[in-house]
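S.K.: The following block contains a protein sequence and its predicted model.
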Amino acid sequence: MNAKDFSTVSGVGPSDASLVVAARAGEEWACEALFRRYAPLVNGLAYRTMGRDEDVDDLVQDAFLQALHGLGQLHDPQAFASWLSAIVVRTAAKTLQRRRLLRRFGLRPAEAPPDIDALVGSAAPPDVAAELRAIYSLMDALPVEQRMVLVLRRVEGLELKEIAQAMKLSLATVKRRLTDAENALRRLLQEARAKVIGVAKATNRRGEEQ
Amino acid sequence: MTGTRQYVVARLDSARVARQWDAIRSARQSAGLRSRRTSVVVAWSVAAALALALVLDLGFRRIGSGTVSEGAWLESGEESAAQVRLAEGVTVALDARTRVHFVRIQRDAVRVDLERGGMKVEAPAAKRSIVVDAAGYEIRAQQRVLVQRLAFAIEVRAERGDAEVVAPEGAVYSIREGETWKGALGEALAPAASSSAAAAASVATMATPPQPARTPPVAAAGPSVVPGVQPESARALFEEAQRARTEGRTTEAARLFDKLRSTYRQDPRAGLSAFELGRLRLEALGDARGAEDAFRDAVALAPGSPFREDAEARLVQALAREGDHAGCLAASQAYLAKYPHGAYRKAVIVYCGSP
C-alpha cells in the first residue's frame, strides 16, 4: 500500500515503531495512541469495504483486537499501518463470507441494500458518482472475493500487487477476480450511462422546446 | 491507479472514536480471561484451574467443583484472571487483580460486591437479577454485564440485555445492550461546583459518604455555580491533560494537571488531577519529591474520594523513592492503621524496607 497514505499525518508525537514497541510491552496508552492515530484510516477502509455504516464499528473493533493481539507478529513496527490495513481487509472478507454462508442456510436475514446516497459524497463529480453507485449497487451480488478486489482497486485505488499482498492471494488470482468483477461492473455502468444520457437528452429537448 | 475513496468517507467524530476504543478496551480485558485464539474448552479448563489454585493459595474459601457459595470472597492473581461458575449456570469472570465478595447467590438473584478490579457476570437466562455493587454504584443487569473499577472511573458495559446503574446519590442511568457507560470515581463535589458542571463533563460524580461536612451529595449541591469557578475551563484543561497523557506527552500532561489543581482547586477534577500528576511525576518523570507533594495535595483536595487509599499508598512509595525513611515508615504505618485490609498493605511494607 502507499506508504504516504498511512504515514503519521501531523508528524508530531511518537513514531509508529515506538508506539508498537510500547504497546508490545503492555503499555495501554500506546495501544490507545495507535488506535486513535489510525481510527480514521480503519474506519474509512471498513466503511468502503463493507458499504454500510452500521457494520463499521464491529469491523473496526475486530480488526484492532486482532492487531493489538498479534503485535508480536509484526516484524517491522514502522509498517504498522499497512499491516493493520491488511488485517482490516481480511477481516472484512471473512465477515462477509460468514454472513453469506449464514444467509444461505437461512440463519441470517437478507440485508437491506446499502444506502448509496449516504455512501457517495455529494462532492463527487458525476462520472465518479456514477461509478461508485454502480460499484456499491453491484457489490452484494458479487462473490465476496470479487467484491473485495473490486473495492480495493476501484475505490481504494490500490495496485494489484498491493491487493494481492493485503488479501494474501497470488497476483494471477487477483487479476482473474478483478476481470470477472469488472465485467459485471461494466454492464452495470453501461446501463447507468445510458440512463444518464437519456436524462440529458430529455433535458435538452425540454430546453429547446421552451 | 487513483481511487475514489475521498468520495466515500466514513462518519467519524470523537464520540464514535471514544466509543470504539471503549469497546476494544473492554473486549481486550475480557480476552485476558479467555484468549480469542484458544478453544473454549481449553480456556474454561485453564480459568477454572487458575481460580482454584488462586483461592487455595490465598486462603480464601475453597471453590468446590468450580462453584462458590454465598458469602465467599474471591481474588484473582496479579497477572492471572479467574473464572467461576455459580449455581444455576451463572458465570463470573474476574480480571487480574480483582477482588469480589459474593453477597447473595440465589436461584433468581445474584449479588456481587466488586471491591477492586473488573469482572464480567453472565447468566444463561434473562429472568435472573444480577446486581453488582461497586464504589457505591449499584449495577443491575439481567444477562451479561461487564463492570470495571478503573483508577478514576467505573465503567459498565451491557454486553447482552439492558442494564441499569443507580448512582450513590440516587440517579438512575439506563444502559442499552451494546452500550458502555462510565461514571467518575471522582472526589466529592465541593459545594461550589454545580451538577451541571458534572453533567458537562459527561460523568456521574460520586458523593463520598465519610465526609459529609466537606463533601455534600451531588443532589444537594444544587444547580448554582459560585462565581469564580470555571468548570468549562477546568474541563478543557483536564481533557487536554488526559489527551497529552494518552499520547505519551508526559511532561505536557504533568504541566496541565498541575495547572488544573492549582488554578481550579474547587473543581471536582482538582483531586484527580493532583493524583494523576503524582503518578506521572513518580513513574515517568522521576520526580519523587514532586510526586509526594501531589499525592498529599490529592488527599487534601479529595479526602473522601475512592482513590484516597491509592494516593496514600503512592505517598509511601514516593517517600521511599526520596530516601526519606522516617517519613516513609510514618506514612506506611498511617496507611496500615487506616486500611488494615487495604489493597496495598504488602506493598507499603516493602516500600519502606526494614526499620
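M.R.: Yep, it's here. It should be emphasised that the depicted structure is a prediction, and the values quoted were computed from it without experimental measurement.

S.K.: Please make it C-alpha for all contacts and neighbour counts, starting now.
M.R.: Fine.

S.K.: OK, contacts around the closest residue to chain A within the stretch 1-150 of chain B?
M.R.: Taking CA to the nearest CA, chain A has its nearest neighbour within the stretch 1-150 of chain B at residue B:3, 3.5 Å off. Residues touching residue B:3, when contacts are defined by CA atoms under 8 Å, 6 or more residues apart in numbering or on different chains, comprise A:153, A:154, A:155, A:156, A:157, A:158.

S.K.: Repeat that for residue A:172.
M.R.: Listed by CA under 8 Å, 6+ apart, the contact set of residue A:172 is empty.

S.K.: would you say it is within a helix?
M.R.: Yes. Checked against DSSP: H, G, I helix; E, B strand; the rest coil, residue A:172 lies within a helix.

S.K.: What helices and strands are in contact with the stretch of helix or strand residue B:261 belongs to?
M.R.: With elements delineated by DSSP states H and E, residue B:261 resides in helix B:250-263, which encompasses its position. The elements that helix B:250-263 packs onto, with contact taken as 3 or more CA pairs under 8 Å, 6 or more residues apart in numbering or on different chains; DSSP states H and E, are helix B:231-246, helix B:270-279.

S.K.: ok, and what's touching the shortest one?
M.R.: Applying CA under 8 Å, 6+ apart, the contact partners of helix B:270-279 are B:152, B:186-187, B:238, B:253-254, B:257-258, B:260-262, B:264, B:290-295, B:297-302, B:311, B:314.

S.K.: so the helix or strand following it versus helix B:250-263, what angle?
M.R.: Proceeding C-terminally, helix B:270-279 gives way to helix B:288-301 as the next helix or strand, assigned by DSSP H and E. Taking axes from the mean of the first three to the mean of the last three CA atoms, to 10 degrees, one finds that helix B:288-301 is oriented at 40 degrees with respect to helix B:250-263.

S.K.: How far does stretch B:139-155 stretch from one end to the other?
M.R.: For stretch B:139-155, the first and last residues are 10 Å from each other (CA to CA, to the nearest Å).

S.K.: For that stretch, list every residue counted as buried.
M.R.: Applying a neighbour-count criterion of 16 or more other CA atoms under 10 Å in any protein chain shown, the buried positions in stretch B:139-155 are B:139-149, B:151-155.

S.K.: Looking at the contacts of residue B:3, spot the one nearest residue A:30.
M.R.: Of all the contacts of residue B:3, the one sitting nearest residue A:30 is residue A:156; the distance, using CA to CA, is 27.8 Å.

S.K.: okay, now residue A:84: neighbour count?
M.R.: For residue A:84, the number of neighbouring residues by other CA atoms under 10 Å in any protein chain shown comes to 23.

S.K.: Tell me the pLDDT of it.
M.R.: In this model, residue A:84 is scored at 95, pLDDT.

S.K.: which ones are touching residue B:139?
M.R.: By CA under 8 Å, 6+ apart, the contact set of residue B:139 is B:130, B:131, B:132, B:133, B:156, B:163, B:164, B:165, B:166.

S.K.: For those, give me JSON lines that also has secondary structure, distance to chain A and neighbour count.
M.R.: Shown next, in JSON lines, are those (DSSP: H, G, I helix; E, B strand; the rest coil; distance: CA to the nearest CA, whole Å; neighbours: other CA atoms under 10 Å in any protein chain shown):
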{"residue": "B:130", "secondary structure": "strand", "distance to chain A": "26", "neighbour count": "25"}
{"residue": "B:131", "secondary structure": "strand", "distance to chain A": "28", "neighbour count": "23"}
{"residue": "B:132", "secondary structure": "strand", "distance to chain A": "26", "neighbour count": "27"}
{"residue": "B:133", "secondary structure": "strand", "distance to chain A": "26", "neighbour count": "20"}
{"residue": "B:156", "secondary structure": "strand", "distance to chain A": "18", "neighbour count": "25"}
{"residue": "B:163", "secondary structure": "strand", "distance to chain A": "21", "neighbour count": "27"}
{"residue": "B:164", "secondary structure": "strand", "distance to chain A": "23", "neighbour count": "19"}
{"residue": "B:165", "secondary structure": "strand", "distance to chain A": "24", "neighbour count": "23"}
{"residue": "B:166", "secondary structure": "strand", "distance to chain A": "28", "neighbour count": "16"}
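
S.K.: Right, I'll call it a day here.
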